[in-house]
Each structure stands twice: as structure tokens, then as C-alpha cells.
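Trainee: Structure of the sequence below:
(chains A and B)
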Amino acid sequence: DAKTTQPTSMDCAEGRAANLPCNHSTISGNEYVYWYRQIHSQGPQYIIHGLKNNETNEMASLIITEDRKSSTLILPHATLRDTAVYYCIAEGEYGNKLVFGAGTILRVKS
Amino acid sequence: DTGVSQNPRHKITKRGQNVTFRCDPISEHNRLYWYRQTLGQGPEFLTYFQNEAQLEKSRLLSDRFSAERPKGSFSTLEIQRTEQGDSAMYLCASSLRASGGPKTQYFGPGTRLTVL
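Mentor: Modelled structure (predicted):
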């Protein structure tokens, strides 16, 4: 599975869009990009995943660059409840485990 | 709620005791995973099952750890002769294995183990 690199922490004003970047320059063609988040003392929560195309669901949007070497998770209107650690993971179609890095601590401030 | 459930949510034990945790996956999911998370770190993979078969085990899973999924439904993770270093959050996840495409894992709330 490809290694991912994320900033250690980010701040965002409540109500503004939060844009969380992730680099995965060694990603292979069959590896999906997954995003999870973890609020203190809870299990990781699945947010979204994508392969090549941009994706959107009720929680977030995922923008993947054309060369697939990086992606951005967008929370369109961040709330205080979005404060969490966000993990970007590249996992193959046949992958059997998720390899978590340190993630990005997102602090949403009022 | 039909998500992944884990019991107990918290367990405090004394060093040297045995503990067992249970995970109930999402009902139609045939894959079940165990992870461990220590303070300040991301979750680390321990093992996974496809139906009742245990297909992969991490080096983190010492011989004091054993996991079972006897009928391909719920799973148990047992730690024998607990050590203080076993103190962690133990997370369970499940996914649906289908031919082709991603196999999104959904996590339970975790069991927090404290070894005194």
C-alpha cells in the first residue's frame, strides 16, 4: 500500500470550508484513496473514498488530481463537531488492512 | 442501529489476568478486522477474518493474543497474561468482500483496555 503524507494539524473557522490535503505520490493504479476521521475516544468513522474521479457524498467532497499523486478532502461548511483527526489512506482493491499514519488534527474554531 | 458493536466498551484488569473482547460486525459483512490503537497513534492492524478463516496476522499479535470467529459472525479477541503494554483501544471493523471494487471498512466504537 502506498504511503501517504498529511500535515500534522490545521485550523478552520466555523462555517468555512476545510480543505485537508494528502500526498500519495507512490499510489498505484488499483489503489483507492480513503478518508476516515476519528473524534476523541471513538472508533474511526468512514468519510469517503475515490479511485480516479472526484467524489461527493453527504459528508464531504474528495478531489483527486489527474496524476493521482495527491488529493484534498473538503468539508464544505465546517462545524465544531468536525474537530477530529483525519486520516488519508491508500489501499489496494485486494488490500486486507488499512495502514493509518498520524493523520491531520483539524481544529474548527468559532 | 446496525453498525459494528463491541463489548465491553471499557475493561480494567490487573497485570497477568486474561481478558476477552467481543465484536459483532454488520450483519451481511463477511470480513472482520481487529486493530489496536495506543494513545496518540493511529490504529494498527492486528488480524482479519474472511468468514471463519483467519487469513492474516500482524507481527504485533504475540502468542498471548488469540482471535476467533467460530461461525463467521461475531469474533472474540483474547489476551492472556496481560501486560501493562497491552493497555490500548482495541478496534473492530467489518467489510463486505465482493469481487472487484473497494472494500470499505466500518469501525466499531472500540474497547478501551487498561492494565494496572
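
Trainee: Pairing partners for the helix or strand containing B:Arg36, with directions?
Mentor: Element membership for B:Arg36, per DSSP states H and E: strand B:31-37. Strand B:31-37 pairs in its sheet with strand B:44-50 (antiparallel), strand B:88-95 (antiparallel), by DSSP bridges.

Trainee: Tell me the helix or strand right after the last one.
Mentor: Note on strand B:88-95: by DSSP H and E, the next helix or strand toward the C-terminus is strand B:106-107.

Trainee: For that next one, which outside residues touch it?
Mentor: A:36, A:43-46, B:3-4, B:26, B:29, B:35, B:91-95 (CB atoms under 8 Å, 6 or more residues apart in numbering or on different chains). All C-beta atoms are positioned from the backbone trio N, CA, C, and that covers glycine.

Trainee: Have a look at chain A and report the helix or strand with the lowest mean pLDDT.
Mentor: strand A:84-92 (a mean of 91; mean pLDDT, DSSP states H and E).

Trainee: So what are the sheet partners of it and their directions?
Mentor: In the sheet, strand A:84-92 lines up against strand A:31-38 (antiparallel), strand A:104-109 (antiparallel) (DSSP bridges).

Trainee: which parts of chain B sit against chain A?
Mentor: B:4, B:33, B:35, B:41-45, B:48, B:55-56, B:58, B:89, B:91, B:93, B:100-110, B:112 (CB under 8 Å from any CB of the partner chain).

Trainee: Which residue is the nearest non-sequential neighbour of A:Ile89?
Mentor: Computed as CB to CB, 6 or more residues apart in numbering or on different chains, the closest residue to A:Ile89 that is not its neighbour in sequence is A:Tyr34, at 4.5 Å.

Trainee: Which strand residues bridge the one you found?
Mentor: When bridges are called by DSSP bridges, A:Tyr34 pairs up with A:His49, A:Ile89.

Trainee: residues in contact with it?
Mentor: For A:Tyr34, the contact set (CB under 8 Å, 6+ apart) comprises A:Tyr46, A:Ile48, A:His49, A:Cys88, A:Ile89, A:Ala90, A:Glu91, A:Leu98, B:Pro102, B:Thr104.

Trainee: can you do 7 Å?
Mentor: Residues in contact with A:Tyr34 (CB atoms under 7 Å, 6 or more residues apart in numbering or on different chains) are A:His49, A:Ile89, A:Glu91.

Trainee: OK, contacts around the first one?
Mentor: Residues in contact with A:His49, defined by CB under 7 Å, 6+ apart, are A:Tyr32, A:Val33, A:Tyr34, B:Pro102, B:Thr104.

Trainee: No more questions from me, cheers.
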